[in-house]
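Asks: predicted model follows, preceded by the sequence.
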Amino acid sequence: MLVSPLWADLNDLLKDYLKFMDDHFRESADLTFLAYRHRNYSKVIEFVQFKERLQCSGQYIMAKIESPILQLKQNSNNITEEESILESLRCGTHFMELSNEIRSKSLTFNEDLKLRPWWTPTYDKNYLLGPFEGVSYCPRENMHNQMKQTESNVLKTVEKRFLLPRMIYLSMYSASTSVKGSIEANGSVVDPKFSSEQKMLLERYAKFLEFPFQDAIELVLGVSSGQKPFEVPNSDIIDWMNFAVFLNAWNLSSHEISFPDGKDSPSTTWNLVNTLLRKYVLDKIESAGPIISSPGGDLPLLVQLITEPLAWHALVIHSCIRSLHPSGKKKKKGGPVDQSNSQLSNELLNSIQSLCDTIEVVSKWLKEQLKKPSDEKFEYIFSSVEKSGPGKVFKTLEICVEQMKGVELGDRILESLHSWAPADVVRNISVGQDGLLSEFLKICELKIKSLQALRLQL
């Protein structure tokens, strides 16, 4: 859900969850005082311990960081709004402090995983997305190891996400101040501390990817030129793309990255990022195929590629263009500053064109999925479900419904049983899928429109 293109629904969900938790924290002080007043000291201890567990809850901490990240994604086409959001987050330093605080404590995981169904023993695993192998596919005796692995993954994910707002801010700052002549244009002065901090955060990010900083740089250079293979889990692709985007922004002012000779080698870090984004977006489009044949599949990863690393790269581009043309108008060429920035202008134009072409491929694919007749999609999904593992679940439920006829179960249960039908479930899946694709298409079209507007400023 956190990578869903249904941003309005996700925003409501996060807002309601955080409000519920924050209201509880405010009320817990009154409850603790009430228990103390009635000399129920054991309850006082329970309330305090319960509050501490909730405040260090992995789910709560994740919601706290994902909410502002969602705002950044929603406003990524508007650099002024983006800066306002980052300013409210103290330019990302708030979450950096919170990250240091969390590392000194232990995250708590309050969900009873024994209550979860066998096909999703932990939140990050769903065996229904893979080949059906029966109920024994997830033996309960492995639960302890899975819980430990999940807790480790959550902690790692939380720390990476906490870095994101600060790295976005530093990338925009680095892009703005790297433009020659930007000091005269907007009064900004390059602060070497920011470049040092950006490098330190990139080194820290590379550690999350389990690579030394220099090795991570060499890997993205090699992959972008096709000289090195790149086989990582889908969950790591977004992190690598983010790393490449932020690496480019840092290099704009530091100029520390040297490129190997060779016709296939990227000439600049701009080209490196454009190549990587296009490569992995096209790979996911190709592997996804018709969406009706694999509902879900690579779609969440495709959404995240467009709404995160590609969006952050577009913000870096926008920051450079704004420094090149502070008034939003083109400058007349001829001055030494304009001559020195002409190469950057070409890089920006090439990057905008590359991003537009990449998103156009996604838009075309989405339109192809949406134009297929509803009946065709329904028949395909329904027949494939009947033949596979979920079909056994359908048959079991149908038998249960038949057996319940005439049995006194209460109005609400009977109403649910009578209204249930496999065809209705599949039809709802199809409708929901179309809604998801439509929202993603809107995001892509707005992103293309925004990039085209930027191109006009050059």
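Replies: Structure's in. What do you need? Predicted, not measured: the structure shown is a model, and the values here were computed from it.
Asks: poorly predicted segments of the stretch 351-458 of the chain, please.
Replies: Scanning the stretch 351-458 of the chain for pLDDT under 70 picks out 385-391, 393-394, 397-398, 401, 404-411, 413-420.
Asks: give me that answer again for 50
Replies: Applying pLDDT under 50 to the stretch 351-458 of the chain flags no residue at all.
Asks: equivalent analysis for the chain, please.
Replies: Along the chain, segments meeting pLDDT under 50 span 135-136, 183-188, 263-265.
Asks: contacts for the one helix or strand Gln214 maps to?
Replies: Take DSSP states H and E as the rule and Gln214 turns out to sit in helix 213-224. With Cβ atoms under 8 Å, 6 or more residues apart in numbering as the test, helix 213-224 has contacts from 202-203, 206, 209, 211, 228-230, 240, 243-244, 247, 257, 259-260, 265-266, 271-272, 275-276, 279. For every residue, glycine as well, the C-beta is placed using N, CA and C.
Asks: now do the contacts for Phe95.
Replies: Applying Cβ under 8 Å, 6+ apart to Phe95 gives the contacts Ile65, Pro68, Leu89, Phe162, Leu163, Pro165, Arg166.
Asks: can you tell me which of those lies closest to Leu299?
Replies: Proximity of these to Leu299 (Cβ to Cβ) peaks at Ile65, which lies at 23.1 Å.
Asks: can you give me the buried ones in stretch 21-32?
Replies: For stretch 21-32, a neighbour-count test (16 or more other Cβ atoms under 10 Å) marks Met21, Ser28, Leu31, Thr32 as buried.
Asks: ok, the third one touching Phe50?
Replies: Put plainly, it is Leu31. No. If you go by Cβ atoms under 8 Å, Leu31 and Phe50 don't touch, sitting 9.7 Å apart.
Asks: just to revisit the earlier point, roughly how far is the very next helix or strand once past the helix holding Gln214 from the heart of the chain?
Replies: Using DSSP H and E, the helix or strand that follows helix 213-224 towards the C-terminus is helix 234-254. Centroid separation between helix 234-254 and its chain, computed with Cα atoms, centre = their mean, to the nearest Å, is 14 Å.
Asks: excluding its backbone neighbours, what's nearest Asn7?
Replies: Not Asn; residue 7 is Trp. Take Trp7 and drop its neighbours on the chain: the residue closest to it by Cβ to Cβ, 6 or more residues apart in numbering is Gln74, 5.6 Å away.
Asks: count the residues that sit near that neighbour.
Replies: Gln74 is flanked by 19 other residues according to other Cβ atoms under 10 Å.
Asks: swap in Lys193?
Replies: Neighbours of Lys193 (other Cβ under 10 Å): 8.
Asks: could you pull up phi and psi at it?
Replies: Here is the backbone geometry of Lys193 (degrees, to the nearest 10): phi -60, psi -40.
Asks: from now on call the first residue 40
Replies: Sure thing, new numbering starts at 40, so read that last one as Lys232.
Asks: ok, now which ones touch it?
Replies: Neighbours of Lys232 in contact, by Cβ under 8 Å, 6+ apart: none.
Asks: how close does it sit to Lys238?
Replies: 11 Å (Cβ to Cβ, to the nearest Å).
Asks: same check, this time on Glu407
Replies: Distance of Glu407 to Lys238, computed by Cβ to Cβ: 43 Å.
Asks: in terms of neighbours, single out the busier of these two.
Replies: More neighbours surround Lys238 than the other of Glu407 and Lys238, with 17 against 11 (other Cβ under 10 Å).
Asks: what are the ranges of the helices in the stretch 290-439 of the chain?
Replies: Ranges of helices within the stretch 290-439 of the chain are 308-327, 338-346, 348-363, 375-409, 413-426, 428-443, based on DSSP state H, counting those that start in this stretch.
Asks: dump the ones you listed into TSV; add distance to Ser489 as well.
Replies: Output for the helices of the stretch 290-439 of the chain, formatted as TSV (distance: least, Cβ to Cβ, whole Å):
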stretch	distance to Ser489
helix 308-327	16
helix 338-346	12
helix 348-363	7
helix 375-409	10
helix 413-426	31
helix 428-443	40
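Asks: please work out which of those helices is packed deepest.
Replies: Among those, helix 348-363 has the highest mean neighbour count (mean count of other Cβ atoms under 10 Å), at a mean of 24.
Asks: now Leu405. Nearest residue, chain neighbours left out?
Replies: Closest to Leu405 by Cβ to Cβ, 6+ apart is Leu480, at 4.5 Å.
Asks: correct me, but the one you found touches Trp404?
Replies: No. Counting by Cβ under 8 Å, Leu480 does not reach Trp404; the two are 9.6 Å apart.
Asks: returning to what we had before: give the contact list for the residue nearest to Leu405.
Replies: Going by Cβ under 8 Å, 6+ apart, Leu480 touches Ser402, Leu405, Lys406, Leu409.
Asks: any idea which helix or strand carries it?
Replies: Counting by DSSP H and E, the element that carries Leu480 is helix 461-495.
Asks: any idea of the angle that helix forms with helix 338-346?
Replies: Interaxial angle, helix 461-495 versus helix 338-346 (axes from the mean of the first three to the mean of the last three Cα atoms, to 10 degrees): 20 degrees.
Asks: so what's the gap between helix 461-495 and the chain middle?
Replies: Remark: helix 461-495 is offset 16 Å from the chain centroid, using Cα atoms, centre = their mean.
Asks: now swap in stretch 58-70 and tell me
Replies: 29 Å.
Asks: send me stretch 236-253 as CSV with only the CA atoms.
Replies: Provided in CSV are the C-alpha atoms of stretch 236-253 (Å, rounded to 0.1, in the frame of the first residue of the first chain):
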residue,chain,number,x,y,z
GLU,A,236,27.6,16.0,4.5
GLN,A,237,26.2,14.8,1.2
LYS,A,238,29.2,12.5,0.6
MET,A,239,28.9,11.2,4.2
LEU,A,240,25.2,10.3,3.6
LEU,A,241,26.0,8.7,0.3
GLU,A,242,28.7,6.5,2.0
ARG,A,243,26.1,5.6,4.7
TYR,A,244,23.5,4.8,2.0
ALA,A,245,26.1,2.6,0.2
LYS,A,246,26.5,0.6,3.5
PHE,A,247,22.8,-0.1,3.5
LEU,A,248,23.4,-1.6,0.0
GLU,A,249,26.2,-3.6,1.5
PHE,A,250,28.9,-2.0,-0.7
PRO,A,251,31.8,0.3,0.1
PHE,A,252,31.2,3.8,-1.4
GLN,A,253,33.8,3.5,-4.1
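Asks: determine the number of other residues adjacent to Tyr208.
Replies: Look at Tyr208: counted by other Cβ under 10 Å, it has 24 neighbours.
Asks: pretty sure it is touching Gly131, no?
Replies: Yes. Here Tyr208 reaches Gly131: they are 4.9 Å apart, a contact under Cβ under 8 Å.
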